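Enquirer: coords please:
(4 chains)
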2 protein chains.
Amino acid sequence: MSAAREVTETETLSGPAEDYLKAIYAIGKGTGPAATNEIAQRLAIAPASVSGMVRRLADQGLLAYERYHGVKLTESGRRAALRTLRRHRVIEAYLSQALGYPWDRVHVEAERLEHAASDELVDRMAATIGEPEVDPHGAPIPTREGSVDETEYTSLAQLDVGASGVVVRVSDEDPEMLRYLAELSILPGKKVTVKSRAPYDGPITLSVGRQELSIGPALAANVLIAPLADRGGRRG
Amino acid sequence: MSAAREVTETETLSGPAEDYLKAIYAIGKGTGPAATNEIAQRLAIAPASVSGMVRRLADQGLLAYERYHGVKLTESGRRAALRTLRRHRVIEAYLSQALGYPWDRVHVEAERLEHAASDELVDRMAATIGEPEVDPHGAPIPTREGSVDETEYTSLAQLDVGASGVVVRVSDEDPEMLRYLAELSILPGKKVTVKSRAPYDGPITLSVGRQELSIGPALAANVLIAPLADRGGRRG
DNA sequence: AAAATAAGTTAGTCTGGCCTAACTTTTTGC
DNA sequence: GCAAAAAGTTAGGCCAGACTAACTTATTTT
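Expert: This next block holds a predicted model:
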């Protein structure tokens, strides 16, 4: 797997520019298109501001942009996004494992550090904690070479009654939700089984370890599961 | 020594603003005045740019500014400068001790991280490596409460022939110089003795451990010494 | 004390990145 | 297929922080 080392290329992106690329990557899952409005919403800025930045990024060859029709990452843009994503997730993992940072706050701190940390620092962090493959919320860490595990998982909200699975990942941005999930012990690696599901998008009852508990579908949608093959699986 | 915890106050300074305060602190040794030109030179920007920023910082109560007559830090400005200095030096110490960062590169990395790292992160770093009192170059680390050791040391260039001292600190900004000093094993904690000094600002011969070597006065000026009382001491 | 030099400031410009308001294009719903 | 709604863009501002060029104030030299 020793791929050729990627050339460092541009390397001089502003913090905001990196945030745009990350957002576009997240929206399009790496390769898909991203709408102006959605970028604006993710970054909490006005749509008009997005148009301007998007043009600049397109000029730098990072985006494919067609007026009135959203944007896509170019190959070079995708690589830049993955570099930032790697930084973010390595930093999260490092803060958590090496400094005992609480998992509901690593995201915010990493958001700020990811634009300042050098690749060397990030690589040293990764090496120090044993080249982690996922961040504390279960998100896969892109490699130095720019590849990333793109497996799509089922959300807990979609798991059939009776089905079991292992929690692989939870959404990382909402500290309060993270604290709540930790309280319920819904954490990456835990096995969960769906016991029942109330109609009309009602609460979902599930068991985690020896506990039985009930959560709403909105929360369940933020918990990604690797289904176990003991009974059932997905549900359309 | 458990002083009352400082109030966090403003907390929202830009990166450049923090750099200005650090520079002004360095020039005035904390309390003295700083000249516009010298600030400009340290930050590698035009003097005209300094006038503008200095006005903004004065408006925020961080500087005492009198047109055409340089600036001084206010108490609040001094505290802000020391917060940044603490961040910088804790980060340097952490990079060096926890991540094996080479000492000639910690400065550059810390310059970028010091504006992004939260106080919580810096405090965790400090705690993890045992609350260090100096950074890898021997510079004292300000406390959380904003006090700092202001002892002034003699430079190696000023040490009398025959006098000995312990290296306490070396200048941290020039990586090449740091590599050279390390090569000569002129490092914080090492004992040195001046053997001879050539006239007209000529080379200084000294012994470090069992080695004997010769350095120029420009380099010697960047090495601060705590004199030992075995023979001689300073020289005017 | 006047002239020369150095230091510092203002004026005006630029870029990045954001904003609101007004306009245009695309999509949607009937 | 056309009108309303949604999405996206341009125009025009603003702020921070840098720049150069031109000017003012301080300091030094003679």
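
Enquirer: do the lengthiest helix in chain A and DNA strand C meet?
Expert: Secondary structure of chain A per DSSP state H: the longest helix is helix A:75-99. No: counting by C-beta under 7 Å from any atom of the strand, no contacts exist between helix A:75-99 and DNA strand C, the nearest distance being 13.2 Å. All C-beta spots, glycine's among them, are computed from the backbone N, C-alpha and C.

Enquirer: so, in contact with chain B or not, that helix?
Expert: Yes: residues of helix A:75-99 contacting chain B under C-beta under 8 Å from any C-beta of the partner chain: A:Leu95, A:Ala98, A:Leu99.

Enquirer: show the pLDDT at the residue nearest in space to the middle of chain A.
Expert: Most central in chain A under C-alpha atoms, centre = their mean is A:Ala139, positioned 5.3 Å from the mean C-alpha point. Each residue has a pLDDT score; the one for A:Ala139 is 95.

Enquirer: likewise for A:Ile225?
Expert: pLDDT recorded at A:Ile225 is 93.

Enquirer: how near is A:Ala35 to DNA strand C?
Expert: To DNA strand C, A:Ala35 is 10 Å away according to C-beta to the nearest atom of the strand, to the nearest Å.

Enquirer: looking at it, that residue is touching A:Gly70, isn't it?
Expert: Yes: between A:Ala35 and A:Gly70 there is a contact under C-beta atoms under 8 Å: 4.9 Å.

Enquirer: need the residues of chain A near chain B, please.
Expert: Residues of chain A that fall close to chain B, judged by C-beta under 8 Å from any C-beta: A:95, A:98-101, A:105, A:109, A:112-113, A:115-118, A:120-121, A:124-125, A:128.

Enquirer: the closest residue to A:Glu18 other than its chain neighbours and A:Leu113: what is the separation?
Expert: Counting by C-beta to C-beta, 6 or more residues apart in numbering or on different chains, A:Thr84 is the residue found nearest to A:Glu18 once chain neighbours are left out, at 4.6 Å. Distance, A:Thr84 to A:Leu113, by C-beta to C-beta, to the nearest Å: 11 Å.

Enquirer: repeat that for A:Leu224.
Expert: 25 Å.

Enquirer: on that earlier part again, who's in contact with the residue nearest to the centre of chain A?
Expert: A:Arg89, A:Arg169, A:Asp172 (C-beta atoms under 8 Å, 6 or more residues apart in numbering or on different chains).

Enquirer: ok, 6 Å please
Expert: By C-beta atoms under 6 Å, 6 or more residues apart in numbering or on different chains, the contact list for A:Ala139 reads A:Arg89, A:Arg169.

Enquirer: ditto for A:Ala58
Expert: With contact set as C-beta under 6 Å, 6+ apart, A:Ala58 has these partners: A:Tyr65.

Enquirer: so is stretch A:43-62 next to DNA strand C?
Expert: Yes: using C-beta under 7 Å from any atom of the strand, stretch A:43-62 reaches DNA strand C at A:Leu43, A:Ala44, A:Ile45, A:Ala46, A:Ala48, A:Ser49, A:Gly52, A:Met53, A:Arg56.

Enquirer: tell me the buried residues within those.
Expert: For the residues of stretch A:43-62 next to DNA strand C, a burial check counting by 16 or more other C-beta atoms under 10 Å in any protein chain shown picks out A:Leu43, A:Met53.

Enquirer: with secondary structure added, can I get the residues of stretch A:43-62 next to DNA strand C in TSV?
Expert: Putting the residues of stretch A:43-62 next to DNA strand C into TSV (DSSP: H, G, I helix; E, B strand; the rest coil) gives the following:
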residue	secondary structure
A:Leu43	helix
A:Ala44	coil
A:Ile45	coil
A:Ala46	coil
A:Ala48	helix
A:Ser49	helix
A:Gly52	helix
A:Met53	helix
A:Arg56	helix
